[in-house]
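Engineer: Fold the following and give me the result.
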Amino acid sequence: MLIMHVHVMVKQGFIEAFKTATVENAKMSIKEPGIVRFDIVQSKDDSAKFILIEAYRTSEDPARHKETDHYKKWRDEVEKMMAEPRASFKFSNVFPMENAW
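Structural biologist: Coordinates of the predicted model:
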């Protein structure tokens, strides 16, 4: 299993539009066979800070995700909304073990 944390800082004035576009992408993404989970979290201290938490079955699944039409639409739509380039961090799960999913 591969877990990605994607940190996003959104420009003021685009927060609601970013949330709408990102929820739409997440709803489509969780239908992909390689995606176990797709969470969107927003900072309570700074409403412009988000983390997308994506759990994939294999290390190849993120590349497959990036080839989908819904991802490409999201990427192009939110690019102008970001205050800085998004940052991605890769993790492996410790608990629960992979077979628990």
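Engineer: Which residue, other than its chain neighbours, is closest to the residue nearest to the spatial centre of the chain?
Structural biologist: Nearest to the geometric centre of the chain sits Leu52, at 3.6 Å (C-alpha atoms, centre = their mean). Leaving aside its chain neighbours, Leu52 sits nearest to Val6 (4.1 Å; criterion: C-beta to C-beta, 6 or more residues apart in numbering). For the C-beta atoms, the positions are set from N, CA and C on the backbone; glycine is no exception.
Engineer: Regarding this protein, what is its longest helix?
Structural biologist: In the chain, taking DSSP state H as the definition, the longest helix is helix 15-29.
Engineer: For the nearest residue to Gln42 once chain neighbours are set aside, grab phi and psi.
Structural biologist: Of all residues not flanking Gln42 in the chain, Phe50 sits nearest, at 5.4 Å (C-beta to C-beta, 6+ apart). Phe50 adopts backbone torsions of phi -130, psi 150, taken as degrees, to the nearest 10.
Engineer: bridging residues for Phe50?
Structural biologist: Note on Phe50: beta-bridge partners by DSSP bridges are Val8, Gln42.
Engineer: Surely it and Ile40 touch.
Structural biologist: Yes: in this structure, Phe50 is within contact of Ile40 by C-beta atoms under 8 Å, at 6.4 Å.
Engineer: Quick check on these two: which one has the bigger neighbour count.
Structural biologist: Phe50 (21 against 17; other C-beta atoms under 10 Å).
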